[in-house]
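1. Predicted structure and sequence below. I'll ask about it afterward.
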Amino acid sequence: MSFLKLEALFVSRALGGVPRCRFSRGLRELSTAPRPTPPPPWRVLFFGTGEVALPIARRLCERSDLVSSIRVVAPRPKKGLTPVLEWASEKKIHVEIYEPSSGICSAEQRNPEEVAERYRQCQARLIQLAKEKTDIGVVADFGYLIPSSLLSAFRFPPILMHPSLLPKYRGASPIESAIIHGDAETGVTVLDLDPDHFDAGNILLQKTYAIPPDSCCARVRAELAELGAETVTECLEDYDRLYSQRRIQDPSKFSKAPKMTPADYLVNWESFTSSDVYNRWRALGVLKTRLRGCQSVRPKAGKEHLYVLIHKVEKADSEAIDDLENAVDAEKIAQARPGTLVWDKKRKKLFCRTRTSQAKDHWIGLAQLQFESGSRVIDAESFKNCVKIHLYPGKCVFF
């Protein structure tokens, strides 16, 4: 497996003697050329948008001993202000809007020639800013590749914070992927940037993070963002040593974490165990399934199947599972195929059968649901009253 590698070779410009770095293919090896002594304090150009980037921007702004100035680069928002843009506006921090090389970011950018011209002008402004007013770029939760012409304009090679232990979960959804797969541990990585591939740079520093049991994505994201801010500042404090000791990512440990699609929210009851369903809900917050073989009492009466949103799931404890499997209808329940719904009168809970992988891992509790027709979120008992639930296998199932 081949990667484009970044080689930072510091040379002096003919005028001014300002150290520059250039990017080339091949192994990322340290240059033997004289290196400038890195700050602090740093003049930082910060590239970021969302919730993972915001704590880093805040931490850099607070560390006056480490950062003398900070400017922000962010994509043009599609709706409202992103967390980083909102923060920059409150702090009256200089912002440059990043124009992509292709695609439509706003109604005015429908002409490909206009898009290309905006991109060219944006790159020219950022290159000038990198050369004259900043020392280094710091990137987090940005979403665009940064071209080598801009990366090489900085005095020191920029760094990127990625919320996973690279090369595991390289891509747009590393936090969700770690939770979906039931990982007990993840972490953050600070690396240099590859101008041609996302998250493919050399590693400067990594820190691990134990994922709290039963924690949802919002909590993990917030805590990883704070850990990322701590790790970035540590890298800037000891940049010269960490950069000189950076290491190539191990290709044997590589895995992807692509952006989540609508298909990722759909529950496959034939394939998922109860742990799979629970972890997917922790990661995504809302799941989607189809309900068939039942007579709807209120919403969409007469439809062969309904789409249902699952807003909250609960683990089925061993006592509840024993009660289900020892009930009067135990034989029918034992024959139930994945997706079958069962109402537990004693606990007033709704359980759904999943694929069996091990003992007592084939029932999941559904606590809050919503018909996709736009009705409000309802509890399990209200949902049960909306559909006539049959215990017979195949009569009323999610699929």
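-> That came through fine.
2. And stretch 198-216, what's buried?
-> 198, 199, 200, 201, 202, 203, 204, 205, 206, 209, 211 (16 or more other Cβ atoms under 10 Å). (Glycine included, C-beta is placed from N, CA and C.)
3. Got phi/psi on the residue lying closest to residue 200 once chain neighbours are set aside?
-> Closest residue in space to residue 200, ignoring its immediate chain neighbours: residue 194 at 4.2 Å, by Cβ to Cβ, 6 or more residues apart in numbering. Residue 194 adopts backbone torsions of phi -100, psi 120, taken as degrees, to the nearest 10.
4. Tell me if I'm right that residue 194 and residue 201 touch.
-> Yes - with contacts counted by Cβ atoms under 8 Å, residue 194 reaches residue 201, the gap being 5.0 Å.
5. Strands of the stretch 1-150 of the chain, residue ranges please.
-> 9-12, 19-22, 42-48, 67-75, 95-98, 136-140 (DSSP state E, counting those that start in this stretch).
6. got the domain boundaries for the chain?
-> As given by automatic domain parsing, the domain ranges for the chain are 9-253, 262-398.
7. mind putting the strands of the stretch 1-150 of the chain in a markdown table, mean pLDDT and distance to residue 55 included?
-> Shown next, in a markdown table, are the strands of the stretch 1-150 of the chain (pLDDT from 0 to 100; distance: least, Cβ to Cβ, whole Å):
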| stretch | mean pLDDT | distance to residue 55 |
| --- | --- | --- |
| strand 9-12 | 33 | 31 |
| strand 19-22 | 42 | 27 |
| strand 42-48 | 97 | 10 |
| strand 67-75 | 95 | 14 |
| strand 95-98 | 94 | 18 |
| strand 136-140 | 97 | 9 |
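8. mind putting these in a markdown table, distance to residue 230 included?
-> Formatted as a markdown table, the strands of the stretch 1-150 of the chain follow (distance: least, Cβ to Cβ, whole Å):
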| stretch | distance to residue 230 |
| --- | --- |
| strand 9-12 | 28 |
| strand 19-22 | 26 |
| strand 42-48 | 16 |
| strand 67-75 | 14 |
| strand 95-98 | 25 |
| strand 136-140 | 13 |
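9. Reformat those strands as JSON lines; add mean neighbour count and distance to residue 281.
-> Listed next are these as JSON lines, based on neighbours: other Cβ atoms under 10 Å; distance: least, Cβ to Cβ, whole Å:
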{"stretch": "strand 9-12", "mean neighbour count": "15", "distance to residue 281": "49"}
{"stretch": "strand 19-22", "mean neighbour count": "17", "distance to residue 281": "45"}
{"stretch": "strand 42-48", "mean neighbour count": "25", "distance to residue 281": "28"}
{"stretch": "strand 67-75", "mean neighbour count": "21", "distance to residue 281": "30"}
{"stretch": "strand 95-98", "mean neighbour count": "17", "distance to residue 281": "34"}
{"stretch": "strand 136-140", "mean neighbour count": "25", "distance to residue 281": "27"}
